[in-house]
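**Student:** Quick check, what structure comes out for this input:
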Amino acid sequence: MDLSIELTSSFERDRLIAKINEHSFAKTLPEIMQELCSVILQGLIKDEDAQSVQTAFELRQEALREQLNKPTVAQRMPSQAEVWKAEGRSGFKDHIRAKLSKDQEKISERMERRRSLVAGGFIPEAIAKHFTLGQQAALAIIVQEVGKHGTCSLVIEKIAALAGVGHATVRRAINIAQSKFLNFLAVQYRPRRGKPSQSNIITIINTNWLSWIKNRFKKASAKVAQKSTKSENTAHFRFKNTECNPTPYTNIIKGNLLDADCSNTKKSDDWHKANRALKKKTGSFSPWSLFK
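**Tutor:** The predicted structure follows:
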């Protein structure tokens, strides 16, 4: 009976001492003392072994406190620390310090790019108040493309790179602008079955924003008027293939008239000649004469 108690006591002593030495935080050491008290109450450890555990606990606690209060380089070598501080030395290694400086330069460049785009006056104040600065920078890139080409067909990644923002910021700005509550933009999605989707075509449909762009890009105002719709509720029409129009095209709404241009269609010249001759003979009227 005494042998079993001796073995149990030795086992508990060794287990608790090993657990104390494994701990690297002084805050968790009291948990082991609570476990020691429960073992003593159960009678699984003798007084001598419990005293050994207590001694190991105190030594480990003192070592952790010394490690926590270890003096820094500035405390151990104050004169050398002052020299390093005057030289502007960093505590990081050379390759880490170089990487941090490059990242900081990139961040500064992106911030300057965003601020310059926002300050460029591409978005009216009444529209800009709905977006953050990063979203305004993304919309400014879209406005530049609309001012040059009438629509924006850049991919999301390209817009994000030019604006100095992330992809999620660009998507968020487009989603807010085309929402039914604002209805500033119209996005044409171009998926392809079995292939990567083509870039979306973004069109500005807000009347105030379009007039703002025309004033901002005076040279490109005619192109904006042709490719951008005239109001928020603009409808797009497509004609079927005809002799006058071999390929479908989008017509422009001007009042109640639909304008179509067949002057560039070479195949329609012979058709028009034959139609005129038929009109002289029969006196019939051809509806295609409206589009000449």
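
**Student:** can you pull the pLDDT of Phe122?
**Tutor:** We have a pLDDT of 89 for Phe122.

**Student:** My read is that it contacts Arg216, right?
**Tutor:** Yes - at 6.6 Å, Phe122 and Arg216 qualify as touching, with contact defined as Cβ atoms under 8 Å. C-beta coordinates here come from the backbone N, C-alpha and C atoms, glycine included.

**Student:** Next, show the common contact partners of these two.
**Tutor:** Taking Cβ atoms under 8 Å, 6 or more residues apart in numbering as the contact rule, Phe122 and Arg216 both touch Val143.

**Student:** Those two: who's more crowded?
**Tutor:** Phe122 (24 against 18; other Cβ atoms under 10 Å).

**Student:** residue ranges with poor pLDDT in the stretch 1-150 of the chain?
**Tutor:** 1-3, 24-28, 70-75, 80-81, 84-101 (pLDDT under 70).

**Student:** Swap in 80 and give it another go.
**Tutor:** 1-7, 20-33, 36, 41, 43, 61, 64-105 (pLDDT under 80).

**Student:** what does the stretch 151-292 of the chain give?
**Tutor:** Residue ranges of the stretch 151-292 of the chain with pLDDT under 80: 216-292.

**Student:** Kindly recompute the last result at 70.
**Tutor:** Ranges of the stretch 151-292 of the chain meeting pLDDT under 70: 218-292.

**Student:** And the strands in the chain?
**Tutor:** 185-192, 195-204, 252-254, 257-259 (DSSP state E).

**Student:** domain ranges for the chain?
**Tutor:** 2-68, 106-234, 237-292 (automatic domain parsing).

**Student:** Check the gap between Leu133 and Leu59 for me.
**Tutor:** 58 Å (Cβ to Cβ, to the nearest Å).

**Student:** Next: Ser108.
**Tutor:** Separation of Ser108 from Leu59 (Cβ to Cβ) stands at 52 Å.

**Student:** do Pro196 as well
**Tutor:** Distance, Pro196 to Leu59, by Cβ to Cβ: 66 Å.

**Student:** Look at those two and report which has more neighbours.
**Tutor:** Leu59 (12 against 7).

**Student:** so Glu109 sits right up against Ala161, yeah?
**Tutor:** No - checked against Cβ under 8 Å, the pair Glu109 and Ala161 is beyond contact range at 11.5 Å.

**Student:** Which one's more surrounded, those two?
**Tutor:** Higher neighbour count among Glu109 and Ala161: Ala161, with 16 against 11, using other Cβ under 10 Å.

**Student:** OK, contacts around the more buried one?
**Tutor:** Contacts of Ala161 (Cβ under 8 Å, 6+ apart): none.

**Student:** any idea how far it lies from Lys148?
**Tutor:** For Ala161, the distance to Lys148 - Cβ to Cβ - is 17 Å.

**Student:** cool, and Arg192?
**Tutor:** 26 Å.

**Student:** The two - which one has more neighbours?
**Tutor:** For Arg192 versus Lys148, neighbours defined as other Cβ under 10 Å are more numerous around Lys148 (14 against 8).
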